[in-house]
Structure formats: C-alpha cells, structure tokens
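Undergrad: can't give you the sequence, but here's the structure:
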C-alpha cells in the first residue's frame with residue numbers, strides 16, 4: 001500500500017466516491033481504513049433501524065423494533081461506538097415503530113445519544129418519543145421539519161425541546177401547519193442565519209414579527225399571504241418606522257401582499273437576492289412602479305430579482321388590449337409612504353418594461369425573471385437599456401406565454417443586441433412579437449459570437465424561418481437547449497436539426 005493512502009485526508013477524499021457497501025468492505029479489510037470508512041458509512045442516516053439494532057437484545061420483527069431482554073445503559077458501548085459518527089439523520093414517513101421498553105431505555109440514558117448530530121430532518125409522522133430523544137444534540141445546527149397537513153403533539157414537543165435545550169441553531173426550515181405553542185417558541189431561535197417558514201395560515205403575526213428581529217438572519221423564505229400591515233402595526237407600531245430591522249438580510253424570498261412586501265423591503269439595506277410572489281388580486285393590484293422604484297432605491301447591491309404574480313382569469317379576461325385598458329388606473333397608496341402615487345398608463349397589453357429602468361443602480365444584477373399573468377411588455381429599445389444598465393446579466397426571463405408574445409414589440413434584432421452587449425448571458429427567455437418582415441433587416445452576417453449562451457427559449461408570434469434562424473443562432477457554440485412557441489414546434493425541430501447537425 002502506498003504511504004499516501006495512510007493519510008486520513010486522502011482516504012476521506014477517495015472514500016467520498018464509494019457506496020455504503022464499499023465503505024463496509026473497506027472498514028473490514030484493514031485497520032488503516034477503519035475510522036475513515038466508518039465515519040463516512042455512518043455519517044448520514046436515512047433510518048434509525050440500523051443504529052438501534054446495535055443495542056444488545058434489539059430485534060426487528062414485523063415492522064416493530066423490540067427489546068427482548070433486560071438491558072441497561074451500560075450495555076450501549078457498541079451503540080455508542082457508531083453513534084458518535086452520525087452527523088445527519090432523516091426521519092421519513094415510514095418511521096419504524098419502537099416498543100415501549102426500548103423507548104424507556106433510551107430515555108434513561110444520561111448522556112446525549114448522538115453527540116455530534118448536526119442536521120436532522122423530519123417528514124410527516126416522523127415525530128416519535130424515540131426520534132425526538134435521538135435528535136436532542138448540543139451540536140445540532142440545522143433542522144428541517146415537514147409537519148404534513150395537520151399539527152401534532154410530536155412536532156410541537158420537538159420544537160419545545162429545542163427551545164429548552166438552548167441549542168444554537170443556524171438553519172431552520174418548517175413546512176406545514178404549526179401549533180400556537182410552537183409559533184411562540186420560534187422567537188427563541190435568535191441565532192438562526194437561514195430560515196424558511198412555509199406554514200400556510202398557521203404563521204402568527206407575533207411569530208412573524210419576532211423573526212424580523214433576528215440579529216444575524218441572512219436568508220429568509222416566508223409565506224405570509226394571510227398577514228396584513230394593519231394587524232402588524234397594531235401589534236408592533238415600530239414596523240411603520242423606516243429604520244432597518246433586517247440589517248443582515250441578504251436573501252429574501254417572500255409571498256404576500258404588495259404592501260407587506262414593500263414594508264419589508266424598505267427595511268433592508270444589503271439584499272442581493274430577492275424573490276417576490278405577489279398575492280394581490282387583479283382588483284387590488286398595486287402600482288408596479290411603486291414596487292420597482294422601492295427596490296431600486298433600497299437594493300443597490302441586487303444580483304438576482306424574480307417577480308411572480310399569477311391570476312386566475314377566464315378566457316375572456318386574458319390580457320388583451322381591451323383588458324389592458326381596464327387595468328386599475330386609480331390612485332394608489334404605497335406601504336412605506338402615505339403620499340399617493342399615480343402609475344402611468346399600462347402598455348398596450350400589459351405593463352411597460354421601462355418601469356425597470358429605476359433599477360439601473362443595481363449594476364451587479366445577474367438574474368432577472370418576470371413570471372406574471374399580465375405581462376411586462378416592451379420593445380427593442382428596452383432591451384438596449386437593459387443591456388446598458390446590467391452588463392453582468394447571466395439569466396434573463398421576460399416570459400414565454402402566448403400573452404407575452406402577443407403583447408411584445410420586441411423583434412429578433414434584440415438577439416443581436418444582447419449577443420453584442422451581454423457576452424456572459426447563459427439563459428434567455430425572450431418573447432418575440434414583431435412582424436416577420438423584420439427578419440430581412442437583421443445583420444445576420446455580422447452576428448457576434450455568443451460564447452456563454454446555453455439555454456434559449458424564443459417564443460415568436462410568427463413561424464420562424466429555418467434558414468435565417470439557423471444563421472442567427474449559429475454563433476452560439478455552447479447552445480444546448482433551444483425552444484420556441486409550441487404551435488411552431490415543427491419549424492423549431494428543423495432549426496435544432498440544422499444547428500446540431
């Protein structure tokens with residue numbers, strides 16, 4: 001054996017590519033590999049069965065782990081040899097039932113059963129006295145909970161246990177309804193840096209406000225569609241003030257009303273990733289200009305922006321010129337300013353892309369995605385300005401639905417503009433609505449090489465010409481995904497065949 005294989009760091013790098021069975025064989029073939037192989041073999045567990053079977057007298061019969069003889073905590077030496085290696089454990093929906101005797105034994109052990117456990121994940125019905133006991137570790141830093149569709153005593157008990165233990169969590173993710181008791185306990189996890197709360201309507205206003213005061217919170221993902229600013233301001237009047245309350249926050253993903261989202265954004269200063277999912281209805285739709293202007297004024301270091309706004313419209317209500325004219329024109333009040341603001345008229349079939357010019361100070365923007373039922377529409381001039389303001393763009397998504405295409409005045413000339421100005425662009429979704437006659441004026445012979453483009457979705461209002469489109473896209477050496485409008489799939493199949501021939 002080469003001496004390099006005796007170095008622990010080298011062994012662990014190599015063993016990372018081995019299967020669980022391979023690691024078991026390596027641990028048994030030579031003492032030199034024992035610790036490194038066993039550490040990796042037992043590091044991440046998807047079940048507690050193998051671990052509990054290490055206890056003398058424990059058997060698995062008909063889906064139940066039982067203890068068939070008297071065992072004391074002194075008989076757990078073999079169990080402890082392996083349990084110290086466990087760093088992560090996931091409890092699935094099919095947690096094996098543990099009988100009362102074994103559960104009582106584990107509860108009487110004075111020491112931590114998994115002393116180095118750093119990550120735990122619970123799926124629905126994964127909360128049992130045994131799994132809760134095993135997960136009580138001072139090294140715990142990451143907790144992921146999926147409570148399913150109903151609150152239970154198990155998930156509330158586990159969160160209360162975490163609170164009582166004083167564990168210094170860094171990451172927490174909870175999905176599904178949560179009890180009032182568990183909501184109250186959330187305020188104690190002030191060391192959390194990454195937090196995801198998708199609790200539906202069970203998230204209480206008090207718990208939401210407590211999260212906003214976490215001093216080191218860097219990433220927040222929260223669904224708060226049922227909360228409103230009036231209720232929050234009654235509970236905590238200082239929410240109305242303009243002082244930052246999320247000074248450490250860098251990544252925000254939020255689903256809620258526009259006034260709530262604007263209030264949160266107005267109290268951040270270092271955001272670099274922002275994902276907004278507006279829950280406003282068409283009747284209550286706020287001014288996009290107010291929202292985008294606020295982002296531009298607060299998020300100078302923004303690198304990624306995604307905006308979603310989906311409406312359930314009947315066929316007759318789909319965004320067409322008559323509907324665009326019917327969009328709200330009334331005076332709106334912003335959430336962070338009592339002064340009314342009147343948005344300009346919408347574009348012919350939606351809202352204008354020029355509204356995003358107010359983000360021009362975010363020079364580091366790399367990702368822009370607009371996924372809305374009523375589209376943001378524009379022209380080649382808007383594409384020129386986007387390329388000017390954000391030279392580092394790597395992903396641009398302006399929508400690919402029929403309403404985006406029919407509303408667009410963007411022509412294929414914009415591809416030439418983007419290829420020239422944005423060489424780093426890797427992914428592009430661009431609705432082309434200009435007439436096909438514009439193809440004849442494109443400078444196809446002088447199309448620059450687009451070195452980074454890998455994915456292109458180009459829905460057009462017309463059937464693309466195979467020869468000219470192939471010439472236009474032939475300067476994309478890394479292009480591996482090309483799609484167009486579904487109605488024109490036959491033409492796009494021919495274009496793909498020509499490009500990849």
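TA: Everything's here; your move. Here the structure is a predicted model, which is why all the values come from computation and not from measurement. Residues are numbered from 1 along each chain as shown.

Undergrad: can you list the residues that contact stretch 68-76?
TA: 55-59, 105, 108-110 (Cβ atoms under 8 Å, 6 or more residues apart in numbering). Heads up, the C-betas are built off the backbone N, CA and C, glycines and all.

Undergrad: now with 10 Å?
TA: Under the criterion Cβ atoms under 10 Å, 6 or more residues apart in numbering, residues 54-59, 61, 79-80, 83, 99, 101-102, 105-106, 108-111, 113 lie in contact with stretch 68-76.

Undergrad: Please compute how far that stretch lies from its chain's middle.
TA: In terms of Cα atoms, centre = their mean, to the nearest Å, the centre of stretch 68-76 is found 45 Å from the chain centre.

Undergrad: isn't residue 479 right up against residue 500?
TA: Yes. Counting by Cβ atoms under 10 Å, residue 500 is a contact partner of residue 479 at 8.8 Å.

Undergrad: These two: which has the busier surroundings?
TA: Counted by other Cβ atoms under 10 Å, residue 479 and residue 500 do not tie: residue 479 has more neighbours, with 18 against 9.

Undergrad: Which residue, neighbours along the chain excluded, lies closest to residue 117?
TA: residue 137 (3.9 Å; Cβ to Cβ, 6 or more residues apart in numbering).

Undergrad: Can you pull out the low-pLDDT segments for this protein?
TA: Counting by pLDDT under 70, the chain has low-confidence residues at 93-96, 153, 234-244, 282-286, 313-349, 435-448.

Undergrad: show me what contacts residue 389?
TA: 356-363, 365.

Undergrad: So how do I select the buried members of the residues you listed in PyMOL?
TA: In PyMOL, a selection of the buried entries from those looks like this (16 or more other Cβ atoms under 10 Å):
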select buried, resi 356+357+358+359+362+365
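
Undergrad: tell me which of the contacts of residue 389 is nearest to residue 430?
TA: Residue 430 has its nearest neighbour among the contacts of residue 389 in residue 356, at 14.8 Å by Cβ to Cβ.

Undergrad: Surely the closest one and residue 369 touch.
TA: No. Residue 356 is beyond contact range of residue 369, at 11.9 Å (criterion: Cβ under 10 Å).

Undergrad: Return every residue with contacts to both of these two.
TA: Contacts common to residue 356 and residue 369, judged by Cβ under 10 Å, 6+ apart, are 305, 307.

Undergrad: List the ones among the contacts of stretch 68-76 that fall in strands.
TA: Of the contacts of stretch 68-76, the ones assigned to strands by DSSP state E are 58-59, 61.

Undergrad: buried subset of those residues?
TA: residue 58.

Undergrad: could the ones in strands among the contacts of stretch 68-76 be laid out in JSON lines, adding distance to residue 158?
TA: Below are the ones in strands among the contacts of stretch 68-76 laid out as JSON lines (distance: Cβ to Cβ, whole Å):
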{"residue": "58", "distance to residue 158": "23"}
{"residue": "59", "distance to residue 158": "27"}
{"residue": "61", "distance to residue 158": "27"}
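
Undergrad: What's the first helix or strand after the longest helix along the chain?
TA: Counting by DSSP state H, the longest helix found in the chain is helix 153-165. Going down the chain from helix 153-165, the next helix or strand is strand 171-175, by DSSP states H and E.

Undergrad: Give me the residues contacting that following strand.
TA: Contacts for strand 171-175 (Cβ under 10 Å, 6+ apart): 118-119, 121-124, 141-148, 155, 159, 162, 182, 186, 189, 191-200, 202-203, 219, 221, 223.

Undergrad: that older thread, sort out which of the contacts of residue 389 are in strands and list them.
TA: Among the contacts of residue 389, no member lies in strands (by DSSP E).

Undergrad: so residue 50 touches residue 82, yeah?
TA: Yes. Look at residue 50 against residue 82 with Cβ under 10 Å: they come within range, at 8.7 Å.

Undergrad: between these two, which one's more packed in?
TA: Taking other Cβ under 10 Å, residue 50 and residue 82 do not tie; residue 82 has more neighbours (16 against 13).

Undergrad: who touches the more buried one in this structure?
TA: Per Cβ under 10 Å, 6+ apart, neighbours of residue 82: 38-39, 41-42, 45, 50-51, 54.

Undergrad: One more: residue 126?
TA: By Cβ under 10 Å, 6+ apart, the neighbours of residue 126 are 90-95, 120, 132, 135, 145-148, 154-155, 158.

Undergrad: And for residue 85?
TA: 35, 38-43, 45, 114, 116.

Undergrad: Among those residues, name the buried ones.
TA: The buried subset of the contacts of residue 85 - by 16+ other Cβ under 10 Å - is 38-42, 45, 114, 116.
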